[in-house]
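Asks: Got a predicted structure plus its sequence, pasted below:
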Amino acid sequence: MISFKKIFITIISVLFSLFVLFISNITNDITLEELKKEFKNKNSKFVEIDGVFIHYVDEGEGIPVVLLHGTGASLHTWDLWAEKLKDKYRVIRITLPGFGLSGPRSDKKYKIKDYVNLLESFVSQIGIEKFHLAGNSLGGSVAWLYTSFYEKRVIKLVLINSSGFKFEDIPFVIRIAKNKFLNFLIKKTSPQFLIKKSLKEVFYDDNLISNSIIERYYKLNLREGNRQAFIDRAQINYTDQTSRLTKIKSPTLILWGQNDEWINVKFAQKFKKMIKGSKVFIMNETGHIPMEERPFESLKIVEDFLVE
């Protein structure tokens, strides 16, 4: 029979180990100015909307293409797409509030409709009237909800592994952020193994996760206020707005990675059913972020759709 003393010693040992692990992984924020040195390029611009200085990159000429990233990412998720698209289009990549160099909102307004309102303010402020709109994951939700309200602005809509429908399996890192007893771990620590774990979940082929990709996600996550913003967003309860999908009349492409562990590929058909006339393309051996994992193949699909 195990004695009470042994049980007590075991518990103390486990708690001490967890304490040491926590202390050893405490990570300080990185200032905006430091991050700008690495992640701002010659075409980077900042525009103030609702008290937040939104980081965006505006390149090329022609019909505007606006690109919206997903949770935990930034405008850099589109780097390889933009490099080619800018030869034919005016490519505008935005980092949404709470991510990357844009940083958090002081009012903590992170509902999808808040992002929709911000996008409308953004396109109005930079002076574009009509444009193609593409979004991945969270950015997909913003894109389709925006289109349902501002259909005359959106020439064509591209949804890439889009969120919007309620899904059963919440990603590990979001579960931690939702837990009021554990989310301090995100606010105070950001061990690289957690970033790597998330990236392994969104990539089908782990071999494509380079050190530079890990570093980018890791460092931009540490931008002052971004970790708290991640927690604030996680506290927002899901609101089903998918009934608005039926209002979308813009030609729509639904692009999905077959092996998405965050948002199951079955949701592609749900979007297709709700958006009249939409097309679906499923990419085999591809995860949640096709534009990073298979940038050239995914871009070719989108380019063909834009010229139809």
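Replies: Done, it's in. Numbering: from 1, shown residues only.
Asks: dump the residue contacts of the spatially closest residue to residue 209 that is not a sequence neighbour.
Replies: Residue nearest to residue 209 in three dimensions, not counting chain neighbours: residue 199, with 5.0 Å by C-beta to C-beta, 6 or more residues apart in numbering. Every residue, glycine included, has its C-beta placed from N, CA and C. Counting by C-beta atoms under 8 Å, 6 or more residues apart in numbering, residue 199 makes contact with 209, 213, 214, 217.
Asks: What about those, which one has the most neighbours?
Replies: Among the contacts of residue 199, residue 217 has the most neighbours (other C-beta atoms under 10 Å), with 22 neighbours.
Asks: May I ask which helix or strand encompasses that residue?
Replies: Remark: residue 217 resides in helix 211-221, with elements defined by DSSP states H and E.
Asks: what do you get for residue 122?
Replies: Following DSSP H and E, one finds residue 122 within helix 112-126.
Asks: what residues does whichever helix or strand comes after that helix touch?
Replies: For helix 112-126, the succeeding helix or strand toward the C-terminus, using DSSP H and E, is strand 131-136. Contacts to strand 131-136, defined as C-beta under 8 Å, 6+ apart, come from residues 63-70, 73, 77, 89, 92, 123, 141-144, 146-147, 153-162, 288-289, 291, 302, 306.
Asks: how close does residue 51 sit to residue 111?
Replies: 16 Å (C-beta to C-beta, to the nearest Å).
Asks: actually residue 168, not the one I wrote
Replies: Distance from residue 168 to residue 111, counting by C-beta to C-beta: 22 Å.
Asks: of those two, who's got more company?
Replies: More neighbours surround residue 111 than the other of residue 168 and residue 111, with 14 against 5 (other C-beta under 10 Å).
Asks: OK, contacts around the more buried one?
Replies: Residues counted as contacts of residue 111 (C-beta under 8 Å, 6+ apart) are 236, 239.
Asks: same question, residue 301
Replies: 253, 255, 281, 283.
Asks: rerun that using 10 Å as the cut-off
Replies: By C-beta atoms under 10 Å, 6 or more residues apart in numbering, the contact list for residue 301 reads 158, 160, 253, 255, 279, 281, 283, 290, 294.
Asks: export those to CSV and tack on distance to residue 34?
Replies: Below are those laid out as CSV (distance: C-beta to C-beta, whole Å):
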residue, distance to residue 34
158, 34
160, 31
253, 38
255, 35
279, 43
281, 40
283, 36
290, 31
294, 32
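Asks: So which of those residues belong to helices?
Replies: residue 290 (DSSP state H).
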